[in-house]
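Give the three-dimensional model of this entry:
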Amino acid sequence: MNKIIGLALIVVGTVLLYFGYNAYNSAASEVTELVTGSPTDNAVWYLVGGGLAAIIGIGMLLKK
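Numbering: from 1, shown residues only. You can find the predicted model right below:
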């Protein structure tokens, strides 16, 4: 059961990283980064959430 949850977290993490990457490279994010010096909050949250989900999923797969 843990392996299935781990795989699901890896898939969810990958999808979130994809959306975060697209949000980071969007025109709105680039304008916001030009003005404020940091990307939009949505892009950052997608990237952080996707990375955490993927890391937790990998950890669950490697745990015996």
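
can you pull the pLDDT of residue 60?
Predicted confidence (pLDDT) for residue 60: 94.

The one 3 residues further on too?
With respect to pLDDT, residue 63 scores 87.

Can you report how many residues lie near it?
A count of nearby residues for residue 63, using other Cβ atoms under 10 Å, gives 9. Glycine gets a C-beta too; all of them are placed from N, C-alpha and C.

Excluding residues flanking it in the chain, which one is nearest it?
Once flanking residues are discounted, residue 63 sits nearest to residue 2: 6.9 Å by Cβ to Cβ, 6 or more residues apart in numbering.

quick one, phi/psi of that neighbour?
phi -70, psi -30 (degrees, to the nearest 10).

Next: residue 38.
Note on residue 38: backbone dihedrals following degrees, to the nearest 10 are phi -140, psi 150.

Now residue 46: closest residue in space that isn't a chain neighbour?
Leaving aside its sequence neighbours, residue 46 sits nearest to residue 20 (Cβ to Cβ, 6+ apart; 3.0 Å).

Show me what the one helix or strand that neighbour maps to is packed up against.
Element membership of residue 20, judged by DSSP states H and E, is helix 2-24. Where contact means 3 or more Cβ pairs under 8 Å, 6 or more residues apart in numbering; DSSP states H and E, helix 2-24 is packed against helix 41-62.

tell me what the helix it packs on is packed against?
Judged by 3+ Cβ pairs under 8 Å, 6+ apart, helix 41-62 is in contact with helix 2-24.
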